[in-house]
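**Student:** the sequence and its predicted three-dimensional model are supplied below.
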Amino acid sequence: MSMSFGSIQAMITSLKNNQRNRQSPFDNTNPQGIGEVKNTGFPERDTTPEQRQAWQTRFKKERQRKDMIMWTVGVTFLGILVGIVCYLT
């Protein structure tokens, strides 16, 4: 099944009309000039090595805590499951 040139041209025109300008999340300029600078939640590009090290250690501790909770829940669930199976057999 082939498409006619008119439908292809209509799709291309539609894509061109619907395109938008992409912005980097680090771009702190407001193109409309209205309101304040947007807060992206990302750290600024010009950070000190001490700040980066602090973020890395904080994220590492958070990840370790989450992993410990998941292991605890998993082992507890498996222990209860094994206990129930042993009790029923």
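**Tutor:** Nice, thanks for sending it over.
**Student:** make it CA atoms for all contacts and neighbour counts henceforth
**Tutor:** Will do.
**Student:** where are the low-confidence patches of the protein?
**Tutor:** 1-3, 5, 20-45 (pLDDT under 70).
**Student:** what's the longest helix in it?
**Tutor:** If you go by DSSP state H, the chain has its longest helix at helix 49-88.
**Student:** what is that one packed up against?
**Tutor:** Helix 49-88 sits against no helix or strand, with contacts defined as 3 or more Cα pairs under 8 Å, 6 or more residues apart in numbering; DSSP states H and E.
**Student:** for it, buried residues please.
**Tutor:** Within helix 49-88, no residue counts as buried by 16 or more other Cα atoms under 10 Å.
**Student:** start the count at 50, not 1, going forward
**Tutor:** From this message on, residue numbering opens at 50, which makes the last subject helix 98-137.
**Student:** which SSE is residue 65 in?
**Tutor:** helix 54-67 (DSSP states H and E).
**Student:** kindly export that helix (C-alpha atoms) in PDB.
**Tutor:** Extracted C-alpha coordinates of helix 54-67, given in PDB (Å, rounded to 0.1, in the frame of the first residue of the first chain):
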ATOM      1  CA  PHE A  54       2.700  12.500  -2.200                       C
ATOM      2  CA  GLY A  55       0.100  14.800  -0.900                       C
ATOM      3  CA  SER A  56      -0.400  12.900   2.400                       C
ATOM      4  CA  ILE A  57       3.400  12.700   2.900                       C
ATOM      5  CA  GLN A  58       3.700  16.400   2.300                       C
ATOM      6  CA  ALA A  59       0.800  17.100   4.700                       C
ATOM      7  CA  MET A  60       2.600  15.000   7.400                       C
ATOM      8  CA  ILE A  61       5.800  16.900   6.900                       C
ATOM      9  CA  THR A  62       4.000  20.300   7.100                       C
ATOM     10  CA  SER A  63       2.200  19.200  10.200                       C
ATOM     11  CA  LEU A  64       5.500  18.200  11.900                       C
ATOM     12  CA  LYS A  65       7.100  21.500  10.900                       C
ATOM     13  CA  ASN A  66       4.200  23.500  12.200                       C
ATOM     14  CA  ASN A  67       4.200  21.600  15.500                       C
END
